[in-house]
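Trainee: any chance you could fold what I've pasted below:
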Amino acid sequence: MKEMIIVVDFGGQYNQLIARRVRECNVYCEVYPYKKALAKIKELQPIGVIFTGGPNSVYEEKAPKIEAELFELGIPVLGLCYGMQLMAQMLGGKVSKADSKEFGKTVTELDTTSLLFKGLEEETLTWMSHVDYVQELPKGFKIIAKTENCPIAAMEDKEKKFYAMQYHPEVLHSEKGTDMIRNFLYEVCKAEGSWTMKNYAKQAIESIRAQVGDGKVVLALSGGVDSSVVAALISKAIGSQLTCIFVDHGLMRKNEGDEVEAAFKDSGMHFIRVDAEKRFLDRLAGVSDPETKRKIIGEEFIRVFEEEGRKIGSVDFLAQGTIYPDVIESGEGDAAVIKSHHNVGGLPAVVDFKGLIEPLRALFKDEVRQLGLEVGLAEYLVWRQPFPGPGLAIRVMGEITKEKLDILREADYIFREEIAKAGLDRSINQYFAVLTTTKTVGVMGDFRTYDYTLALRGVTTTDFMTADWARIPYEVLDKVSSRIVNEVDHINRIVYDITSKPPSTIEWE
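Mentor: Now for the predicted structure:
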């Protein structure tokens, strides 16, 4: 973390993706909104700064900007899309509206004498998405890339270490985009590349030991990837000083509660499993609205956790599985709130404690998984499918009953089992079944049936903020459908969800 890049967010949709690309190159990176960025840059002394894209035009009256002082600090700067236009305008260039827009994959000619394109071919495909363009270079800059419709597709002031690209190197559609980012990090910023999960695990364990001392820590263990990795990491640091409370709300997938218990009960920590299925189902009885279901589950979870926490007695620290996207999406300062995450504000104080322990707060989801493997967490937990906090309650449409949950558990288990057998469990980022409220007529063994329709959902994504529906082979879907209608009672029809995010969301509720 001593070697850092700061990403200045100007409202671009790829801000997290830029940070992830930097970290994939083994350099630590943080994202800050443009209004806070200069102060953070002065405080943290990064080895480089990256400007994100954004939806605005630089010549608009209220367009987001950063203080000109940044360009006098001697720190390398890379501007992307809007970031390039802002850099050009602030340093004396001219930005105009293009006669023809550029969107999508574009053939781009590179000046490979530039450090930004070191080791690359002279022609590549980049992902363009812009209306404005840099018409005139600022003094001291030269053109280092161009396309048919964009004569200044990239520019540099090598002496001052200012670089910019009109396209988006962070998206996978830009063929050599990661190589360009890596060149900025290592050729321009002179990074050493010390950001690895092995180094992070060692540092985090030492930090936890120093923070906790001989104190006690309590963690609400959901069984999800994040809380499981936190449990494994803290257990490795302080062992029996950690107590994990696993609230089994009866809304888990098949065998999941037992798997979580098996993974942690003999780990050296104190592990408490609370069977709260009846309690949750009683509270959810007759409730159909998805937001109401979420609120009930969240409130009840806290109540159970409070009750168990009081039984433990004096606890010094509360541990949470907050990850970096939670922090960004919950909004910092002027950053937009995409969705609120309860972890970011902290759970209510169930007992008096000195503070929070959030060892994943700086990590993206893929880094959390790597860290889990690094500290020896079982692979089936590390690679567990993302699972919403309300569990199957939001995958059973409408009112929830024990019968419906059991039907869905069996069907979902078959779907996940067949995906794994087909070797698709790593290439499809999330897949699950949904029990709908729709009943249809069917025929089984010459008898008429009138039973539930089950929906299957599978998506591919890099950041879960956007997603495409997964092209599961027909023969796999056929096997899944056949097994479910034959092995699971009360389901006589299977459908597959082929909508992407947006316009839909990944979950149905």
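
Trainee: the helix or strand where Leu17 lies: which residues count as buried?
Mentor: Assigning secondary structure by DSSP states H and E places Leu17 in helix 15-24. By 16 or more other CB atoms under 10 Å, the buried positions in helix 15-24 come out as 15-24. All C-beta spots, glycine's among them, are computed from the backbone N, C-alpha and C.

Trainee: kindly report the same for stretch 38-53.
Mentor: Of the residues in stretch 38-53, those buried (16+ other CB under 10 Å) are 38, 40-41, 46-53.

Trainee: tell me where the model's unsure across the protein.
Mentor: Counting by pLDDT under 70, the low-confidence segments of the chain come to 1, 99-102, 328-353, 446, 462-465.

Trainee: which strand runs longest in it?
Mentor: strand 94-110 (DSSP state E).

Trainee: tell me what it is packed against?
Mentor: Counting contacts by 3 or more CB pairs under 8 Å, 6 or more residues apart in numbering; DSSP states H and E, the secondary-structure elements packed against strand 94-110 are helix 82-90, strand 123-136, strand 142-146.

Trainee: closest to Asp157 out of the ones you listed?
Mentor: Set against Asp157 and scored by CB to CB, the helices and strands packed on strand 94-110 come closest in strand 142-146, at 7.9 Å.

Trainee: quick one: the closest one to chain centroid distance?
Mentor: 34 Å (CA atoms, centre = their mean, to the nearest Å).

Trainee: output that strand as CSV, restricted to C-alpha atoms.
Mentor: Backbone C-alpha positions of strand 142-146 (Å, rounded to 0.1, in the frame of the first residue of the first chain) are rendered in CSV as follows:
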residue,chain,number,x,y,z
LYS,A,142,2.4,15.4,-29.2
ILE,A,143,0.1,13.0,-30.8
ILE,A,144,0.8,9.3,-30.0
ALA,A,145,-2.3,7.6,-31.4
LYS,A,146,-5.0,8.3,-34.0
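
Trainee: so what touches that strand?
Mentor: 108-111, 114, 116-117, 137, 151-157, 165 (CB atoms under 8 Å, 6 or more residues apart in numbering).

Trainee: if we can go back for a sec, out of the buried residues of stretch 38-53, name the ones that lie in helices.
Mentor: Counting by DSSP state H, the part of those found in helices is 38, 40-41.

Trainee: who are the contact partners of Ser174?
Mentor: By CB under 8 Å, 6+ apart, the residues touching Ser174 are 124-127, 167-168, 180.

Trainee: what is the nearest of the residues you listed to Ser427?
Mentor: Of all the contacts of Ser174, the one with the least separation from Ser427 (CB to CB) is Trp127, at 21.9 Å.

Trainee: quick check, the closest one in contact with Thr108.
Mentor: No - proximity of Trp127 to Thr108 does not meet the contact threshold set by CB atoms under 8 Å, at 9.7 Å.

Trainee: of the two, give the one with the bigger neighbour count.
Mentor: For Trp127 against Thr108, the residue with the higher neighbour count under other CB atoms under 10 Å is Thr108, and the figures read 26 against 22.

Trainee: residue contacts, the more buried one?
Mentor: Taking CB under 8 Å, 6+ apart, we find Thr108 in contact with 123-126, 145-147, 153, 167.

Trainee: spatially nearest residue to it (excluding sequence neighbours)?
Mentor: What sits nearest to Thr108 in space, not counting adjacent residues and going by CB to CB, 6 or more residues apart in numbering, is Thr126, at 4.5 Å.

Trainee: beta partners for that neighbour?
Mentor: Taking DSSP bridges as the rule, Thr126 bridges to Thr106.

Trainee: count of residues packed around it?
Mentor: By other CB under 10 Å, the burial measure for Thr126, its neighbour count, is 28.

Trainee: contacting residues for it?
Mentor: Contact criterion CB under 8 Å, 6+ apart gives 105-106, 108, 147, 153, 165, 167-169, 173-175, 177 as the residues in contact with Thr126.

Trainee: now do Ile491
Mentor: With the criterion set at CB under 8 Å, 6+ apart, Ile491 makes contact with 407, 411, 451-454, 484-485.

Trainee: in helices, which of these appear?
Mentor: The subset of the contacts of Ile491 located in helices under the criterion DSSP H comprises 407, 411, 484-485.

Trainee: top of the contacts of strand 142-146 by number of neighbours, please.
Mentor: Highest neighbour count within these, by other CB under 10 Å: Ala154, with 29 neighbours.

Trainee: where's the residue nearest to it when sequence neighbours are not counted relative to Tyr474, distance?
Mentor: Spatially, and ignoring its direct neighbours in sequence, Ala154 is nearest to Ala145 (3.4 Å; CB to CB, 6+ apart). In this structure, Ala145 and Tyr474 are 43 Å apart, going by CB to CB, to the nearest Å.

Trainee: those two - which one has more neighbours?
Mentor: It is Ala145, of Ala145 and Tyr474, that has more neighbours when counted by other CB under 10 Å, with 27 against 9.

Trainee: residue ranges for the strands of the stretch 301-450 of the chain, please.
Mentor: Ranges of strands within the stretch 301-450 of the chain are 317-319, 355-357, 430-444, 447-460, based on DSSP state E, counting those that start in this stretch.

Trainee: out of those strands, the one nearest Phe301 is which?
Mentor: Set against Phe301 and scored by CB to CB, those come closest in strand 317-319, at 14.1 Å.
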